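Enquirer: Need a 3D model of the sequence below.
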Amino acid sequence: SETESLTYRELQQKTNRVAHFLQEQGVGPEVIVGIYLTRSLEFVVCLVGLIKSGGAFLPLDPNHPKDRKEYMIKDSQVPFIITSKKFVDSLPEGNFRVLLVEEFFQSLESYPIQTPDHGLKSGNMSYLFYTSGSTGQPKGVIMTHTYQDKQSKETKKFPIKGEKVLLRSSTGFTLILLETFSPIKAGGEIVVVPKDQEKDASWMLENIREQKIETLNMVPSMLSFLLQEGLETCTSLKKVYTVGERLPVSVQREFFRKLPDAKLFVFYGCTEAPAATFREVKKDEDYGDRIILGTPNFNKKVYLLDEFGVPVPVGVTGEIFVGGKVSRGYIHNERLTQERFTQDPFLNRKGARMYQTGDLGRYLPDGSLEYIGRTDFQVQIRGIRIELGEIESCLNAHEHISDAVVIAKENLGGQTIIVAYYTLTGMKAP
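Expert: Sure, this is the predicted structure:
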């Protein structure tokens, strides 16, 4: 229920018991476990317990389309899926064991409260997130415990000790990890937004005020919406982190006008190289309509290279490559892994690799990175990277469509939308 809560001691003991239970089932390093739950206390406990067991997290949001869930389950070859009785009927079929939280939570008292040994190595898989692919199929991105360890140290750079953080992201969105682990590792407090309530502005604002939420993570379009609905009444807010899409200048100005004492931050990255850059937005800055991504995070290297792989001078556009702590690659897709993840010639470390983002950018004289555009047809809308080619592939698979073109454009309200144009075969156009 909405009134459930756990202390740190209770969370530690319960997640340790979940970890022991999962290990008893055969979970350990390189073993993928799907979590088919919406945001809840059970989700947080299962996620933390899973990581402690040494297993790898596969997010399966019950609200995602059936075809996408079926593909992720089949492609990942996941052997275990944690879910609830209320979601089990919508779970796609597959060769996996179902672990019901209503059942194994009842037996947790019989498992030790001590942190289990997991036998992990830093390069072992910690989570597997699926993103869109230009071939028309999603691709599974493997992140490792090396990245998780570095991320925990990063909380020193972005301290939230003792602060209340609203957990409102979809369980299938990478931001759910930041909202879950960063507060826990820094001694903060998580307030979980129940399913569907993140779409209700009045409920959100009321609970931010009542719970005295101090930190929010969201895409800029949601921040813009909440600012229009009365975010200035939430005087407890100290920090807002934005990620996933361009932060318009109009939203920046509205934010500081309505919340002059709060801080605003921008993350840039992708599933393959999360949080590559970071910046704090200043009240008096004036970059116009340019998209400023900031500077590389402490565990990342960001290179701007020309078509020959040579670094470009300041002010010259190049393709963005991210080195340092990046993904291990794509599961069951070695060809694409070798294509997008290449040896890092600029980092003197054995096995160092860099990821080719497909984004274009240039460095400004002050050291900041400016985003210019894409080298392909990928777009990002409300925090979700979308391959327009994937939509075209689906449309072209329809028996009555002979050809289709999909583009992204702004509507009259300034919001980015997707528009499809198609020609019909075998029937007359309306």
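Enquirer: distance of Phe308 from Ile113?
Expert: Distance from Phe308 to Ile113, counting by Cβ to Cβ, to the nearest Å: 57 Å. From N, CA and C alone the C-beta is placed, and that goes for glycine too.
Enquirer: Likewise for Asp75?
Expert: 36 Å.
Enquirer: neighbour count winner among Phe308 and Ile113?
Expert: A side-by-side neighbour count of Phe308 and Ile113, using other Cβ atoms under 10 Å, places Ile113 first with 14 against 5.
Enquirer: Spit out the contact partners of that one.
Expert: By Cβ atoms under 8 Å, 6 or more residues apart in numbering, the residues touching Ile113 are Gln12, Gln13, Asn16, Arg17.
Enquirer: For Leu259, see how far away the residue nearest in space to the middle of the chain is.
Expert: In the chain, the residue lying closest to the centroid (Cα atoms, centre = their mean) is Thr174, at 1.7 Å. To Leu259, Thr174 is 26 Å away according to Cβ to Cβ.
Enquirer: try Lys283
Expert: Lys283 is 11 Å from Leu259, by Cβ to Cβ.
Enquirer: cool, Leu226 as well?
Expert: Leu226 is 10 Å from Leu259, by Cβ to Cβ.
Enquirer: Check Gly55 too.
Expert: Gly55 is 40 Å from Leu259, by Cβ to Cβ.
Enquirer: higher neighbour count, these two?
Expert: Higher neighbour count among Gly55 and Leu259: Gly55, with 29 against 19, using other Cβ under 10 Å.
Enquirer: now that one: how far from Tyr130?
Expert: Taken as Cβ to Cβ, the span from Gly55 to Tyr130 is 17 Å.
Enquirer: Ok, Gly288 next?
Expert: Taken as Cβ to Cβ, the span from Gly288 to Tyr130 is 36 Å.
Enquirer: Can you give me the end-to-end span of stretch 330-343?
Expert: 16 Å (Cα to Cα, to the nearest Å).
Enquirer: what sits up against it?
Expert: Residues contacting stretch 330-343 (Cβ under 8 Å, 6+ apart): 75-77, 128, 133, 139-142, 272, 326-327, 329, 352-356.
Enquirer: repeat that with 7 Å
Expert: Asp75, Ser76, Leu128, Lys139, Gly140, Val141, Ile142, Gly329, Arg353, Met354, Tyr355, Gln356 (Cβ atoms under 7 Å, 6 or more residues apart in numbering).
Enquirer: swap in stretch 244-259?
Expert: With Cβ under 7 Å, 6+ apart, stretch 244-259 has contacts from 219-221, 223-224, 227, 231-232, 237, 264, 266, 281, 283, 288-289, 291, 380-383.
Enquirer: Regarding Ile320, what are the backbone dihedral angles?
Expert: phi -80, psi 120 (degrees, to the nearest 10).
Enquirer: Can you show me the helices along the stretch 301-430 of the chain?
Expert: With DSSP state H, counting those that start in this stretch, the ranges of helices along the stretch 301-430 of the chain come out as 334-340, 388-396.
Enquirer: ditto for the stretch 101-250 of the chain
Expert: 101-104, 145-154, 175-186, 201-210, 220-229, 249-258.
Enquirer: Look at stretch 386-401 and report the distance between its end residues.
Expert: Stretch 386-401: ends 21 Å apart by Cα to Cα.
Enquirer: buried stuff in it?
Expert: Across stretch 386-401, burial judged by 16 or more other Cβ atoms under 10 Å covers Ile386, Glu387, Leu388, Gly389, Glu390, Ile391, Glu392, Ser393, Leu395, Ile401.
Enquirer: Any idea how far that stretch is from the middle of the chain?
Expert: Stretch 386-401 sits 25 Å away from the centroid of its parent chain (Cα atoms, centre = their mean, to the nearest Å).
Enquirer: quick one: the helix or strand containing Val45 to helix 175-186, angle?
Expert: Secondary structure here is read from DSSP states H and E; on that basis Val45 sits in helix 41-53. If you take axes from the mean of the first three to the mean of the last three Cα atoms, to 10 degrees, helix 41-53 sits at 70 degrees to helix 175-186.
Enquirer: start at 23 instead
Expert: Okay, using 23 as the starting number, the last item reads as helix 63-75.
Enquirer: Are there helices or strands packed against helix 63-75, and which ones?
Expert: Contact analysis of helix 63-75 by 3 or more Cβ pairs under 7 Å, 6 or more residues apart in numbering; DSSP states H and E lists helix 30-47, strand 54-58, strand 78-81, strand 211-214 as its packing neighbours.
Enquirer: what's in contact with the last one?
Expert: Read that as strand 211-214. So strand 211-214 is in contact with Arg61, Ser62, Leu63, Val66, Lys186, Val187, Leu188, Leu189, Thr202, Pro205, Gln233, Ile235, going by Cβ under 7 Å, 6+ apart.
Enquirer: One more: the longest one?
Expert: By Cβ under 7 Å, 6+ apart, the surrounding residues in contact with helix 30-47 are 28, 55, 67-68, 70-72, 74-75, 77, 102, 126, 130, 133-138.
Enquirer: Pull out the buried members of the residues you listed.
Expert: 55, 67-68, 70-72, 74-75, 77, 102, 126, 130, 133, 138.
Enquirer: Now distance to Asn117 too, for the residues you listed, in JSON lines please.
Expert: Formatted as JSON lines, these follow (distance: Cβ to Cβ, whole Å):
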{"residue": "Val55", "distance to Asn117": "14"}
{"residue": "Val67", "distance to Asn117": "26"}
{"residue": "Cys68", "distance to Asn117": "21"}
{"residue": "Val70", "distance to Asn117": "27"}
{"residue": "Gly71", "distance to Asn117": "23"}
{"residue": "Leu72", "distance to Asn117": "20"}
{"residue": "Lys74", "distance to Asn117": "26"}
{"residue": "Ser75", "distance to Asn117": "21"}
{"residue": "Gly77", "distance to Asn117": "17"}
{"residue": "Phe102", "distance to Asn117": "11"}
{"residue": "Phe126", "distance to Asn117": "20"}
{"residue": "Leu130", "distance to Asn117": "27"}
{"residue": "Tyr133", "distance to Asn117": "27"}
{"residue": "Pro138", "distance to Asn117": "27"}
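Enquirer: CSV please, covering the residues you listed and showing distance to His86 and pLDDT.
Expert: Output for the buried ones among the contacts of helix 30-47, formatted as CSV (distance: Cβ to Cβ, whole Å; pLDDT from 0 to 100):
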residue, distance to His86, pLDDT
Val55, 17, 98
Val67, 22, 97
Cys68, 18, 98
Val70, 22, 96
Gly71, 23, 97
Leu72, 19, 97
Lys74, 26, 96
Ser75, 24, 96
Gly77, 21, 97
Phe102, 19, 98
Phe126, 24, 97
Leu130, 28, 96
Tyr133, 31, 97
Pro138, 31, 94
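Enquirer: Much appreciated, bye for now.
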